[in-house]
Structure formats: C-alpha cells, structure tokens
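# give me a 3D structure for the following:
(3 chains)
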Amino acid sequence: MPQKWLIKSEPSKYSIEDLKRDKKTLWHGVRNYQARNLLRDQWKVGDILLFYHSNAEPTGIFGIGKVSKIGVADPTQFDSKSDYFDPKASKETPRWFAPEVSYIEKFSQPITLDDLKNEKSLKDMAVLKKGNRLSVQPVSEDEFKIISKMAR
DNA sequence: GCCAACGTTGGC
DNA sequence: GCCAACGTTGGC
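Just a heads-up that it's a prediction; the model follows:
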C-alpha cells in the first residue's frame, strides 16, 4: 500500500490546474529541513499526494497526484538567479531535493479547509493542527479513505 | 494586510 | 549552546 502525503502549494505559484496541464513537475523549492527529510527519506515512487492549496480562496484539497521519481537534486539550489538559490549547496553534496510529481485527478469540487474541520473523524489530521506550517505532511490510510469518500 | 506561530541565523 | 532578532508561512 503506497504511503499517502499532503503537499501544500500556493495556487498563485503552482496550482492543481498547472499540474493537470503539465502532467508532471519537479516539486522544487522545499527549503524546510523537516519537509525535506520526509520527501528525501520517506517518499517512494507510487506514493499518493493530496494537493492542497494554501493562501487561496478557498483553501483546501483540490486533487490528487503521485510521486513518479525520487532522488533528484533540486536544480534551483544551484541557480544563483533563482529565489531558491542556496550558496551552501554544491552538486557533490546537494542539500535540497525535488521529487517528480505526476497528475492523477482534480476533484470536481475541492474539499475546503472548512469541510475538513467539519469532519469529526479528521480532527487529528496534521494539517488541521494549529500552527502546523509544514508543506509536506503524512496522511494516514484512514484519513485518506475519508477524504476519498468526501471527494465523490 | 495583519499577525501568530513557528524556523533559521548569527553574535556572544 | 543560548537566545534575540529576523524571516516565513498561511489562515483570516
């Protein structure tokens, strides 16, 4: 059974629509060590990703993707013109990683943050915990099942 | 745009 | 290794 994750993105930067159009993308720009450790050490090809829009109207889960490649060094860390440039990173010892993420589906109706909050069985979900700003979060099998049901 | 809740940096 | 200052995230 593939592990399930929730990934956050600001739709003004990259939305589920963008992923639908591109079919796949390098998930670059993660610059938080906790999130990096998850996607570097725990993501496996085939893992399922809930695509969450943050800083949006509305916020919530907009669709599903999957991990299609792992172990790729994030190219933006080497690009001095990029916002994500990291002068301390080198090609020999990359510091940041960018798995390839592929499109699966866009929900016909998003599951909004309010929907998630109103679903009592999801009260322990990481994304609902106060102050949880992590852009990559594990999702339990039960949580995924409930969300899949809500998406129909 | 505000601001709470973090995470990171850097002086000591 | 502490911790103040600063930067970022993300809901509202």
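# show me which residues of chain A sit near DNA strand B.
Residues of chain A lying near DNA strand B by CB under 7 Å from any atom of the strand: A:N32, A:Y33, A:Q34, A:K130, A:G131, A:N132, A:R133. To be clear about C-beta, it is placed using only N, CA and C from the backbone, and glycine gets the same treatment.
# what kind of secondary structure is the closest residue to A:Y84 other than its chain neighbours in?
Counting by CB to CB, 6 or more residues apart in numbering, the nearest residue to A:Y84 once its immediate chain neighbours are dropped is A:T76, at 3.8 Å. Following DSSP: H, G, I helix; E, B strand; the rest coil, the label given to A:T76 is helix.
# what sits up against the longest helix anywhere in chain A?
When every helix of chain A is counted residue by residue (DSSP state H), the longest turns out to be helix A:141-151. Residues outside helix A:141-151 that contact it (CB atoms under 8 Å, 6 or more residues apart in numbering) are A:1, A:4, A:48, A:50, A:61, A:107, A:109, A:111, A:115, A:119, A:121-122, A:125, A:139.
# quick check, nearest of the residues you listed to DNA strand B?
Comparing the contacts of helix A:141-151 against DNA strand B with CB to the nearest atom of the strand places A:M125 closest, at 15.3 Å.
# looking at chain A, which residue lies furthest from center?
Computed with CA atoms, centre = their mean, the maximum C-alpha offset from the centroid of chain A is found at A:E92, amounting to 26.2 Å.
# confidence score at that residue?
Per-residue confidence at A:E92 stands at 87 (pLDDT).
# who are the contact partners of it?
Not one residue lies near A:E92 by CB under 8 Å, 6+ apart.
# and for A:K24?
Contacts of A:K24 (CB under 8 Å, 6+ apart): A:S68, A:E100, A:V101, A:S102, A:Y103.
# which elements pack onto the helix or strand containing the last one?
So that's A:Y103. A:Y103 is part of strand A:100-112, with elements assigned from DSSP states H and E. Applying 3 or more CB pairs under 8 Å, 6 or more residues apart in numbering; DSSP states H and E, we find strand A:100-112 packed against helix A:16-22, strand A:24-26, strand A:48-53, strand A:60-69, helix A:141-151.
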